[in-house]
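Participant: My questions concern the predicted model and sequence given below.
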Amino acid sequence: MTPQIEALMRTADPDAVWAVGSAESVHTARPGPPGDWDTPHAAGALTPALALWPVLGTLVAQGELSLHTPLTAYGEPPAGGPHGGATAHQLLTHAEGPAALATLTRLAEHLAGAPLGDCAATRIWQPLGMTLTRLADGVLHTTLADLARFLRHLLSPADHPVPRAWTAESLRIRTGELTPSRGLLWHPAPAGVWAHHPPSGPALWIAPRRDRWAALLPGTACAPGSRLRTAFREAAFAPGTFAAPPAAPAAAGGPLP
């Protein structure tokens, strides 16, 4: 563990679990007592990034979804929602509230013909070996090991299950001159980093050009806000922090597809 990150989290949220790594390894992590990478955590706020976003990417790759086609073209149930006249691109770049995410979820389920949790499990989680990630009763449960598998995959050269083109297109500014700047569900942060996080709670970061990712799951008694997340991100992505990364812990790694 780097002294900066360890000292920061020991003071700010000693019960948090977190990890930082690259496509090939986990550089530093705190899986939590007793160091179990496979302890499930409730992380409902990560459902858009771990389930909805990659499933939509597979639908785009298969030609089932065009981002710039109005949702009304796809029939019921999407057309019946409050955003029926919008496009998936518009909702993905401005998905700040539950209504937009609910509309995108209905769209994904309508096109894939199954509930989002089932789609994500068969299309994304099972191929990546994320065997302990599940979406049940509207709540996503995942482990630090599964988050590491997912984020490592996004940085890897593998084109399946999450298409590389989808990741590349999502992690670039898609809003032109409008502010705030957005990608497809991911938000730009300083120094080439992209983030996915709600106002508080768990957060994910990825920086393809720097081959680095980070994940933060807060402790049950602490919901880190923007100040703590900013400090964690700055420590995790500081230049030279991991000059010679060690091999990934076996429990968090595994072969990438």
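Facilitator: Good, I have the coordinates.

Participant: Pretty sure Trp125 sits in a helix.
Facilitator: Yes. Counting by DSSP: H, G, I helix; E, B strand; the rest coil, Trp125 is found in a helix.

Participant: Is it correct that it is in contact with Leu132?
Facilitator: No. In this structure, Trp125 is not within contact of Leu132 by Cβ atoms under 8 Å, at 9.0 Å. Every residue, glycine included, has its C-beta placed from N, CA and C.

Participant: Between these two, which is the more surrounded one?
Facilitator: When Trp125 and Leu132 are compared on other Cβ atoms under 10 Å, the one with more neighbours turns out to be Trp125, at 25 against 16.

Participant: how about the strands of the stretch 1-150 of the chain, start to end?
Facilitator: Ranges of strands in the stretch 1-150 of the chain, per DSSP state E, counting those that start in this stretch, are 17-21, 26-30, 41-42, 134-136, 139-142.

Participant: Give the residue spans of the protein that score low on pLDDT.
Facilitator: 1, 33-35, 76-84, 95-97, 220-225, 242-257 (pLDDT under 70).

Participant: can you rerun that using 50?
Facilitator: 223, 244-257 (pLDDT under 50).

Participant: And for the residue most central in space within it, nearest residue in space, chain neighbours not counted?
Facilitator: With distances taken as Cα atoms, centre = their mean, Ala49 lies nearest the centre of the chain, 3.7 Å away. Excluding its sequence neighbours, the residue lying closest to Ala49 (Cβ to Cβ, 6 or more residues apart in numbering) is His196, at 4.3 Å.

Participant: again with Trp166
Facilitator: Trp166's closest residue in space is Gly57 (Cβ to Cβ, 6+ apart), at 3.4 Å.

Participant: three-state assignment of Leu204?
Facilitator: Leu204 is classified as strand under three-state DSSP.

Participant: Not counting its neighbours along the chain, what's nearest it?
Facilitator: With Cβ to Cβ, 6+ apart, the residue lying closest to Leu204 is His196, at 4.7 Å.

Participant: ok now do that neighbour, which residues does it touch?
Facilitator: His196 makes contact with 46, 48-49, 185-187, 203-205 under the criterion Cβ atoms under 8 Å, 6 or more residues apart in numbering.

Participant: between those, which is nearest Ala235?
Facilitator: Nearest to Ala235 among the contacts of His196 is Trp205, at 11.3 Å by Cβ to Cβ.

Participant: Give the closest residue to that closest one in space, chain neighbours not counted.
Facilitator: According to Cβ to Cβ, 6+ apart, the nearest residue to Trp205 is Ala214 (4.5 Å).

Participant: Which of the helices or strands spans the one you found?
Facilitator: strand 212-217 (DSSP states H and E).
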